[in-house]
Structure formats: C-alpha cells, structure tokens
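> Sequence and predicted model, in that order:
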Amino acid sequence: MSLLVTLLADGLVAVLLVASIVSSMRLSGRITKLKADEAALRQTIGDLVMASSTAERAIVGLRATLDECDRTLADRLGTAERYATDLAAHVEAGETVIARIASIVAQAAPTRELARTAAPAPELRDLERVVPPVRVAPPAPSSPNGERLGVAAAAALAMSERALGRLRSKAA
C-alpha cells in the first residue's frame, strides 16, 4: 500500500507539475503581451505629450493674434465712428444749405414771374451780351447724392436767374 500511495502521490505531483508548467507558459505569454502593450502605451503617451505641447504653443499664438486683431478692430471702429460723426455733421450742414437755397428759390419764384410779365427794356440786349444766360444741366440722379446735387444745381440756376432778373429790372 505504501507503494500505491507513493505512486499516487508521485502521479498527483506530476499532474500538478504539468498544470503549473501550462499556467506559467500562459502567464509568460500574457506578460509578453503586456510588455508589448506597455511599449505601445508609452509611445502613445509620448505622442500625446508632444501633441499637447504643440497645441499649447498654437493656443498661445492664437491668443496673441486675437489680441492684435482686437486692438486693430478697436482702432478701426474708433476711426469709423469719428468718420461717421464727421459725415453726419457734413450731411446736416449740407441739408441746411439746401434748405436755405430752397427758401431762396421759393422767395424768388414770385419775382421771376414778375420779371417774365414785364416788358424788356431796350438795353436788355446789351445786358445779355455782358451777362449771357447760364444753362446748367442737372446731373443724372444715379444715387441720393446725385439727386441732391441736381437740387443744388437747380437752386444755383434759380439764384443766377434771380440775379439776372434784378439786373434786368435795374436796367429798365
């Protein structure tokens, strides 16, 4: 019986030894895979660190560019506001001048009617040779400024006709 127990114990040890060899071979394969994965993981981590440092430098550059753009935009907006204020003042002054010219034309309209109905004086021909009548064609109103220029030209023509009418009435 002792031989049988010894044989069984030796068989059990042999089976356990084979099982430990198989499990150690599996563990060795897993360790090899983990070491390969560790090297790949280290490479990936190195790439991520390099990419993050590159991204940080790019962000710093973008912030500097953004600050420069902000300053430039602020300067240009300030200049535009000054120009807009000046332009508004000029437009207002121009509208005031046009309003004055329109009132002068409105006041000159009755005088012009009187000058047309009155008989011309004999010296009128001499006067027209000295001061020839002025004919101004208004510019084509291609824009709001063109329309205003046309109104201003018409007002100037009316003023010159009024002055000519005064000269004619003095000659009469």
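Received the coordinates, thanks.

> which element is the residue minimising distance to the centre of the chain on?
Among the residues of the chain, the one closest to the centroid is Leu73, at 9.4 Å (Cα atoms, centre = their mean). Taking DSSP states H and E as the definition, Leu73 sits inside helix 2-117.

> quick one: that helix to chain centroid distance?
Distance of helix 2-117 from its chain centroid, counting by Cα atoms, centre = their mean, to the nearest Å, is 21 Å.

> Could you pull up the mean pLDDT of that helix?
For helix 2-117, mean pLDDT rounds to 89.

> Kindly report the same for stretch 148-164.
82.

> In it, which residues are buried?
Residues Arg148, Gly150, Val151, Ala152, Ala155, Leu157, Ala158, Glu161, Arg162, Leu164 are the ones in stretch 148-164 that count as buried (16 or more other Cβ atoms under 10 Å). The way it works is simple: take the backbone N, C-alpha and C, and place the C-beta from them, glycine included.

> where does the fourth one fall, helix, sheet strand or coil?
For Ala152, the assignment made with DSSP: H, G, I helix; E, B strand; the rest coil gives helix.

> how close does it sit to Ala89?
Applying Cβ to Cβ, to the nearest Å, the value for Ala152 to Ala89 is 18 Å.

> Repeat that for the third one.
Distance of Val151 to Ala89, computed by Cβ to Cβ: 20 Å.

> Likewise for the second one?
Shown here: Gly150 relative to Ala89, a distance of 23 Å by Cβ to Cβ.

> cool, and the fifth one?
Taken as Cβ to Cβ, the spacing of Ala155 relative to Ala89 amounts to 21 Å.

> repeat for Ser160
29 Å.

> before we move on, what about Ser52?
55 Å.

> Then Gly29?
88 Å.

> likewise Glu161?
Remark: distance between Glu161 and Ala89 (Cβ to Cβ) = 31 Å.

> Ok, Val5 next?
Val5 is 120 Å from Ala89, by Cβ to Cβ.

> One more: Met50?
Distance of Met50 to Ala89, computed by Cβ to Cβ: 59 Å.

> cool, Ala80 as well?
15 Å.

> How about Ile104?
Using Cβ to Cβ, we find Ile104 at a distance of 23 Å from Ala89.
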